[in-house]
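Engineer: sequence and predicted structure are below.
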Amino acid sequence: MTQQLETQLALTINGDRVRLQNIPLTTTLLDFLRLTGRVGTKEGCGDGDCGACTVAIVGTSVDGKPNYQAVNSCLIPLGSVVGREVITVEGVANGKLHPVQEAMVKLGGSQCGYCTPGFIMSMFAAYYDGKLDDVAVEGNLCRCTGYLPIRRAAQAAAAETPCDHFSDRLTEADADLMPYRFTGEGQFYRPTQLQEVLELLRDHPDATLVAGATDLGLELQRREFPVMISLEAVADLKTLVQTDEFVKIGAAVPLSHIETQLHGVFPCMDEMIHWFAARQVRNRATLGGNIGTASPIGDLPPVLLALDAELKLVSLEGERVMSLSRFFKGYRQTDLQPGEVIQSVWIPKGMMPGATQRLTQSYKIGKRGTDDISIVAAAYVVDLDSDKRVVHARLGYGGVAATPIRASVVEEFLIGQPWNADTVQQAKPMLYNAFTPLTDLRGSADYRKMLVANLFEKFFVEFAAAAGVEL
Amino acid sequence: MSLVGQRKSHESAEAHVSGKAVYTDDQRMPSGMLSIYPVLSPHARARILSIDTAPALDVDGVVTVLTAADVPGTNDTGVIRQDEPLFPTDEVSYWGQAIAWVVGETEDAARLGAAKVTAEYEPLEAVLTIKGAIAANSYHNDPQFIRRGEVDQAFAGSAHIIEGELEMNGQDHFYLETQASWVVPDMEGNYLVYSSTQHPSETQTIVARVLGVPTNRVVCTCLRMGGGFGGKESQANPMAAAAAVAAYKTGCPVRVKLERHHDMILTGKRHGFLGQYKVGFDSEGKILALDVALYAEGGWSLDLSPPVLMRAMLHVDNAYYIPNMLVRGLIVKTNRVSNTAYRGFGGPQGMLVIEDVVDRVARHLNLPPDLVRDRNFYHGEGDSNTTHYGQVLVDNRIARVWEEAKERASYAERDAAIAEFNQQNRYKKRGLAITPVKFGISFNKVQYNQAGALVHLYTDGSIQLNHGGTEMGQGLHTKMQQVATRALGVTLDRIRMMPTSTDKVPNTSATAASSGADLNGQAVKNACEILKSRLAPVAAKLLDFDAAEEMVFENNEVYCRTYPTARVSFDAVVQQAYGDRISLSATGFYRTPMIHWDPVTATGRPFYYFAYGAAVSEVEVDGFTGTFKLRQVDIVHDVGESLNPLVDQGQIEGGFVQGMGWLTMEELVWDDQGRLRTFAPSTYKIPTISEIPEQFHVHLIERASQDGTIFGSKAVGEPPFMLAMAVREAIRAAVAAFGNAPVVELAAPATPEATLRAIAAVQQATVSAEAALSSTPV
């Protein structure tokens, strides 16, 4: 890791090298842009929920090549973008409007215009990825248009094949993250080796680990972070390995990579990732972060519980493996020890011995279908034998207890039972009473209890035909 | 060819997409600019015993702290009644009320300072709900009434009478740009206010009041807003006023840009309403009598609640002829945010009640709701085509939009297909519904229906266009440019649209009530015609004609109607006029004719005309979770002869989706301490692109020119919002299909939880009815 003097810290904004001087590296990229007069990028919420602050950064696609990624600049600390390339709304037009801008102008995609820079940047990134559709802009709120003209603009621009200096730039850009250490006030480290991370943690017990910063980013304006250690460049945390028996996902692999690389492997994971926040967040958020925050409403833990995932935890003392179901200790508490880091998540692929068929799905219920925090999330894995009896069952839930949790009692009850409507009707009252959730702004305790039971029946009904059983 | 009627893109569209459009807080900051940050009350209602601001002053960068003692003028920002202290002195009246504002060299410094300000309170009992207010007899005003016919007699003659109630949630505006104001003092006691405000004249007036200076000392300018929807009509004023007090005290320019959380906590929202009704009807479903009480939740201060309530009372008929009516209206006073203008301005709340009533009537008689709606429409002539406040529907287009919407949506075929689908599916049901909209256009208060414009011609032929309306995304400036190009016969490139400013056009009305283009368009046209009348003789002279009245201004040229080959350029005419010492600047003015209102009898013609529309929605509801998917929407809407179909279509689509949000997912949750729990987009969910249906069709009715309006166009800002009632009724139809109940109650918003409860109630009622039936001896 190279020591960086403050005068050497820089990033590239719209092709210009911009030095970072006299500014804390925990400042958000959004604040930095606006403080330096780049006011085209807007703050709509400061929470990563509206997308008005979206910019594009040059990152690495699943195939290892540089790509443009839409990200919420209100959540990213400057330290995370040191040495990187950022494109803002001011840099998109090159003499003439960019095709996504042109389409938005022509088709009435802007009204008040305040959300528009964010939409443009989401569309810009998707344009070069060949994925310019509704999903590309799910993380951008517009209160004026009702989205129709934006959808039309996206469709119009998507019809074009990118061939311009931005696509050229991708062929030569270096998206590899430069390691650095900044030891001035507000220390920031970006190591490449896991060993370095562990040593830094030993030397700075008050350090905060940061990967995508999609959760931590909310805190940037609200508290001090004396030492930050970025995991983004740590190769050992960024690998995704697949064999016939298992999948191993590095803790710092962004969800957008998992979404692509594992597509079709775990249907219940595919479904949940689809409902996981929106594009800007999935480009940055990591599996390790989603587990490490131990939020009871994290989207992926119920899925990972249902899949019997195990965690590999490493520290200077060595490494240990533990099942995810034992990892969560209480509300936002885990078994992670000081100096310890989540290295990877291991997910077995096969069915239980004796099973001939696996049924699996996940569900997420929120007030709004898209980009909402769940009221209840559920993930199910049920293995059946050739007599349609249950040989293995995992029912993972979120939003119903202090931690993501399995309905263990019901899982045990199901073993050996025939997979039919009677069994499900017996399981439903057990599920209704399995947890004692809270009433909060998202939903009442009773609604949550109803969902715990009803979602299981929904799962049964939706897969009855596939299972070859009667409703 | 004239630009009027063209699908012209928003005049700022290129600036929007390239990040060059400047909003209030995007301007280059003057040196020494300070920021302010609020200190919020932790109680819904409490006596203020003391405020200690001293600790804040120890924070690096804190300049001072503002409290009531710093107000040089009147410590009040109330717009109808002065009941709204800018800084509370004795009591705090809602959770989150700003008790002080900290002034800092940076926003960070002010924020850190605000955390240090402490206050002692003695909590007092708070009123936190509409029903709680009714029980406590807590009202802002005396009851209002509208009466028609003989209600008691009509009930006596009704074959069926049912009673019910509907309580509906408010709505946060969630404009993407939060409240923002800059106040720049000069050294001579004058203040330049830049504000994201829909009502610059009122912001000017309130700032002057708070500073204790004559209005002419304050100029208020609105560059553009990042959305308004009514939320920056009166709500912009307190922020501007607080910044003005800071500017007065420090002599420095001061900015305020609310954080999203603060914006949602501090500012007023759409009024929640409680509607209680008794309806009498015949066996055909024709409503004979309606007694309805509307309770609007005003919140802690009066704000704009009286006209909001009145518009609700004037729209509780929606499109239906109800021969005997008693409408009562009350504004309850609670310890929550002071509710305010929001797109529709009470109209949606009144209309939601009558749509609930009509559905009750239909299901009670086991008739299709669309049939019962149709049977009750205003129709014919005389009483059956006259509203409950005595206004005749001069150009009644209800049947026209209704029939056209049904036809375009293939309503009958899909209704049958959905019935079939619902037979086949036990766990998910589809619902189809059509609802009408009739919405009155004009400010209820007659005096607001006036507008001004100011047009300057420069000697090079370039033009500055000013008018009293503000641009919040609705495309008003675009339409005004279109009007001016046509009225002056020039091309668009000559016209610079100026920011709205009270030193250019004074004493303006709010850009509200959908009236922006109607009022300002006529004023712009008037100013342009005055200029043309001055230029015409000059042009005639240049062309060697006598008849100035025969001059045609077109495409930057002027010619004589009868001899079009001889032409002179617009520039040459302007230069000659200057040389002839003819004024090249003109003000335009407009007041809406024919409108009047008698508040004593609650009768008159409050609306210049009505806008009409109808929407068909289809949803699918999941019986396990209560979630729904909007499958298809077909809208037919009346905008008269559209000034700009691209802009108008955008208003319709956007209004509809906003209305859908209000009715289905946007839930304001307060706890039992009166604390708002949904003050961020993580907890308050407005629709995203994925909530809109793949099939979404909007059709503007054709050959629909409206008499007496600017180029035959109609207002479009608010009416489409209420088209979203079709989504609610479609959800209700799907819920109903889970059983066979004579009543299908549905909460507003119909969240998944509320919908699942409604399904359970329907299933329960069906089981009970079947049990009762089977136990009946044959």
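Structural biologist: That came in fine, so what should we check first? Computed from a predicted model, the values in this text were never measured in an experiment. Numbers count the residues shown, from 1 in each chain, chains lettered A, B, ... in the order given.
Engineer: any stretches of the chain with poor pLDDT?
Structural biologist: I went with chain A, as the question did not name one. Within chain A, the segments meeting pLDDT under 70 span A:1-7.
Engineer: that answer is for a different chain, and I need it for chain B
Structural biologist: Across chain B (using pLDDT under 70), the flagged ranges come out as B:1, B:775-778.
Engineer: max-length helix in it?
Structural biologist: Longest among the helix segments of chain B by residue count, using DSSP state H, is helix B:516-543.
Engineer: helices or strands up against that one?
Structural biologist: Based on contacts counted as 3 or more C-beta pairs under 8 Å, 6 or more residues apart in numbering or on different chains; DSSP states H and E, the elements that helix B:516-543 packs against are strand B:450-457, strand B:463-467, helix B:476-488, strand B:551-554, strand B:557-560, strand B:563-569, helix B:570-579, strand B:585-591. Using the backbone N, CA and C atoms, a C-beta is placed for each residue, glycine as well.
Engineer: buried ones in it?
Structural biologist: Along helix B:516-543, the positions that meet the burial threshold by neighbour count (16 or more other C-beta atoms under 10 Å in any protein chain shown) are B:516-528, B:530-532, B:534-540, B:542-543.
Engineer: what sits against the residue lying farthest from the centre of chain A?
Structural biologist: The outermost residue of chain A, judged by C-alpha distance from the chain's mean C-alpha position using C-alpha atoms, centre = their mean, is A:D387 at 38.9 Å. A:D387 makes contact with A:P418, according to C-beta atoms under 8 Å, 6 or more residues apart in numbering or on different chains.
Engineer: quick one, phi/psi of it?
Structural biologist: Comment: the main-chain dihedrals of A:D387 come out as phi -90, psi 10, following degrees, to the nearest 10.
Engineer: domain ranges for the chain?
Structural biologist: Here I'm looking at chain A. Dividing chain A into domains by automatic domain parsing, as the record does, gives the ranges A:8-175, A:235-348, A:357-467.
Engineer: you looked at the wrong chain, it should be chain B
Structural biologist: Here chain B is described, according to automatic domain parsing, as comprising the domains B:13-125+B:173-266, B:396-443+B:608-778, B:450-591.
Engineer: for the shortest one, how far is the first residue from the last?
Structural biologist: Using C-alpha to C-alpha, to the nearest Å, the gap from the first to the last residue of domain B:450-591 comes to 4 Å.
Engineer: show me how far it is from its chain's centre.
Structural biologist: 29 Å (C-alpha atoms, centre = their mean, to the nearest Å).
Engineer: how about the residues of the stretch 251-400 of chain B by chain A?
Structural biologist: When proximity is defined by C-beta under 8 Å from any C-beta of the partner chain, the stretch 251-400 of chain B lies next to chain A at B:259-260.
Engineer: quick one: the helices in the stretch 251-400 of chain B?
Structural biologist: Here the stretch 251-400 of chain B has its helices, by DSSP state H, counting those that start in this stretch, at B:260-266, B:305-314, B:347-364, B:369-375, B:398-408.
Engineer: for the stretch 301-450 of chain A, same thing?
Structural biologist: Taking DSSP H, counting those that start in this stretch to define them, one finds helices in the stretch 301-450 of chain A at A:324-327, A:408-414, A:421-432, A:445-462.
Engineer: list the buried residues for the second one?
Structural biologist: Pointing back at helix A:408-414 there. Within helix A:408-414, the residues that qualify as buried are A:410-411, A:413-414, counting by 16+ other C-beta under 10 Å.
Engineer: so which of those residues is the closest to chain B?
Structural biologist: Proximity of the buried residues of helix A:408-414 to chain B was ranked by C-beta to the nearest C-beta; the top entry is A:V410 with 16.7 Å.
Engineer: state the distance from that closest one to A:F435.
Structural biologist: Distance of A:V410 to A:F435, given as C-beta to C-beta, to the nearest Å: 11 Å.
Engineer: that older thread, mean neighbour count, the helices of the stretch 301-450 of chain A: which tops it?
Structural biologist: Of all the helices of the stretch 301-450 of chain A, helix A:445-462 carries the top mean neighbour count, a mean of 22, counting by mean count of other C-beta atoms under 10 Å in any protein chain shown.
Engineer: so, in contact with chain B or not, the helix or strand that that helix is followed by?
Structural biologist: Later in the chain than helix A:445-462, the nearest helix or strand by DSSP states H and E is helix A:464-467. No - Helix A:464-467 lies apart from chain B when judged by C-beta under 8 Å from any C-beta; the minimum separation is 10.8 Å.
Engineer: could you export helix A:464-467 as PDB, CA atoms only?
Structural biologist: Taking only C-alpha atoms (Å, rounded to 0.1, in the frame of the first residue of the first chain), the coordinates of helix A:464-467 have been written out as PDB:
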ATOM      1  CA  ALA A 464     -48.100 -27.300  -6.500                       C
ATOM      2  CA  ALA A 465     -48.100 -28.000 -10.200                       C
ATOM      3  CA  ALA A 466     -44.400 -28.200 -10.300                       C
ATOM      4  CA  ALA A 467     -44.400 -30.500  -7.400                       C
END
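Engineer: tally of neighbours for B:R581?
Structural biologist: B:R581 is flanked by 6 other residues according to other C-beta atoms under 10 Å in any protein chain shown.
Engineer: equivalent analysis for the one 4 residues further on, please.
Structural biologist: Using other C-beta under 10 Å, the number of residues around B:S585 comes to 13.
Engineer: for whatever residue of chain B ends up closest to chain A, which non-adjacent residue is spatially closest?
Structural biologist: Closest residue of chain B to chain A, C-beta to the nearest C-beta: B:G19 (2.1 Å). In space, B:G19 comes closest to A:G40 once its chain neighbours are excluded; the distance is 2.1 Å by C-beta to C-beta, 6 or more residues apart in numbering or on different chains.
Engineer: now that neighbour: phi and psi?
Structural biologist: Per-residue torsions, A:G40: phi -60, psi -30 (degrees, to the nearest 10).
Engineer: quick one: buried residues of the helix or strand harbouring A:Q155?
Structural biologist: Here A:Q155, judged by DSSP H and E, is contained in helix A:148-158. Residues A:148-154, A:156-158 are the ones in helix A:148-158 that count as buried (16+ other C-beta under 10 Å).
Engineer: and what of stretch B:128-143?
Structural biologist: Neighbour counts over stretch B:128-143 (16+ other C-beta under 10 Å) mark B:128-130, B:133-134, B:140-141 as buried.
Engineer: would you list those residues in a markdown table and tack on distance to chain A?
Structural biologist: Compiled in a markdown table, these are given as follows (distance: C-beta to the nearest C-beta, whole Å):
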| residue | distance to chain A |
| --- | --- |
| B:L128 | 15 |
| B:T129 | 16 |
| B:I130 | 19 |
| B:A133 | 22 |
| B:I134 | 24 |
| B:H140 | 28 |
| B:N141 | 31 |
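Engineer: thank you, goodbye.
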